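# Next one to model:
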Amino acid sequence: MSRIVQFAKAGAPEVLEFVEHQVQAPGPHEVRIKVKAIGINRAESMWRLDDYIEPVKFPAVLGYEAAGVVDAVGPEVNGIAAGDEVNVMPSFSMNSYGTYGEIVIVPEHAVVKHPKSLSYAEGASVWMMFVTAYGALIEDAKVTKGDFVIIPAASSSVGLAAIQIANYAGATSIALTRTSEKRQQLLDAGAAHVIATEETDLVQEVKRITGGNGARVAFDPVGGPTLTKLVEALSFNGILYIYGALSTDVTPLPILDMIARVITVKAHNIWLTSGDEARRKAAVEYVLKGLESGALKPVIDRTFKFDEMVEVHRYLEKNGQFGKIVVTV
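Below is the predicted model of the structure:
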């Protein structure tokens, strides 16, 4: 027997409950893992609320990321064996699999060998943040030296990953945060520029930083009314990636401004990369190389214990973290 976290109805963090269940044998192309750490993501909060990109089937499990030790593999699994230290990359539906548990089963394609330089907590935190940012900035936008990249919600784990990846590619990162409270932390985390959007005119400041040209790329998990300012702050032929919906307000599109300056707005998610075998392999190689060189490094805000999962979700929804929230098992 082992414990997993389930919920039988959508709602506040209190709907999460610990359930004892019989450990199952992994099926074909599945891997069973004794979990050491779990990476926590905004997507799981949205999933718990049944407000995500697919409807929840109840009773539901949840969780996209973990690090641990393989204790069994199913038929037709290649290159992974019992005893291997591994991570789990988001690349499956939470209607099928979840990582909030002491022992979990995940699909073979979601399993990545654990980077030896990282702790279990760090290994549980890296794949959502770095692959999401990599997919937009490197795989699609191909940012490089001379590019400016605007990064809203920059103190989130994906925001911090985007700063590091922009820097790694030779681009210039412009981190957005609401107030100056986290300015020094963001500079210390590698941001070339920090704009406190409640204290400074966002568009004018981006224009100043870029010599009047605007930024080529914006990487936005927020949406809402600020999106029009992001579009205005882009250069001619600029690209805005929208990969989240942190704002609950209506997101307007400034159509005439977009037409005049040939702006592209693209929806983005990790599945474009992690759901394709060739792209996933390239992303893993890129992130591992960055981790080995020290150019990429996970930033962990706070670590909780498995028994504190309800409190973990309460903390997540306060939106005060700087980096990744991790649960140890």
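# Identify, by residue count, the longest helix of the chain.
helix 277-293 (DSSP state H).
# Show me how far that helix is from its chain's centre.
15 Å (CA atoms, centre = their mean, to the nearest Å).
# ditto for stretch 125-139
7 Å.
# do the same with stretch 56-71
16 Å.
# outside of stretch 297-310, which residues touch it?
Contact with stretch 297-310 is made by 3, 5, 13-14, 16, 18, 38, 100, 102, 118, 121-122, 125-126, 129, 157, 160, 164, 189, 291, 311-312, 315, 321-329, as judged by CB atoms under 8 Å, 6 or more residues apart in numbering. Just so you know, the C-beta spots here come from the backbone N, C-alpha and C atoms, and that holds for glycine as well.
# before we move on, the earlier item: what are the pairing partners of the helix or strand just after the longest helix of the chain, and which direction each?
The C-terminal neighbour of helix 277-293 among helices and strands, as given by DSSP states H and E, is strand 300-305. Applying DSSP bridges, strand 300-305 is found paired with strand 324-328 (parallel).
# Please save the CA atoms from the partner strand in PDB.
Provided in PDB are the C-alpha atoms of strand 324-328 (Å, rounded to 0.1, in the frame of the first residue of the first chain):
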ATOM      1  CA  LYS A 324       9.600  26.700  -7.500                       C
ATOM      2  CA  ILE A 325       7.600  25.100  -4.700                       C
ATOM      3  CA  VAL A 326       8.800  21.600  -4.000                       C
ATOM      4  CA  VAL A 327       7.300  18.800  -1.800                       C
ATOM      5  CA  THR A 328       9.600  16.100  -0.300                       C
END
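# Could you pull up the mean pLDDT of that strand?
For strand 324-328, mean pLDDT is 98.
# can you give me the offset of the lengthiest strand in the chain from its chain's centre?
As assigned by DSSP state E, the longest strand anywhere in the chain is strand 30-40. From the chain centre to the centre of strand 30-40 is a distance of 17 Å (CA atoms, centre = their mean).
# Pairing partners for that strand, with directions?
Sheet pairing for strand 30-40, using DSSP bridges, gives strand 65-73 (antiparallel), strand 103-107 (antiparallel), strand 324-328 (antiparallel).
# This structure: helices as residue ranges?
Under DSSP H, the chain gives helices at 42-48, 120-123, 126-134, 157-168, 183-188, 202-209, 227-232, 255-261, 271-274, 277-293, 309-316.
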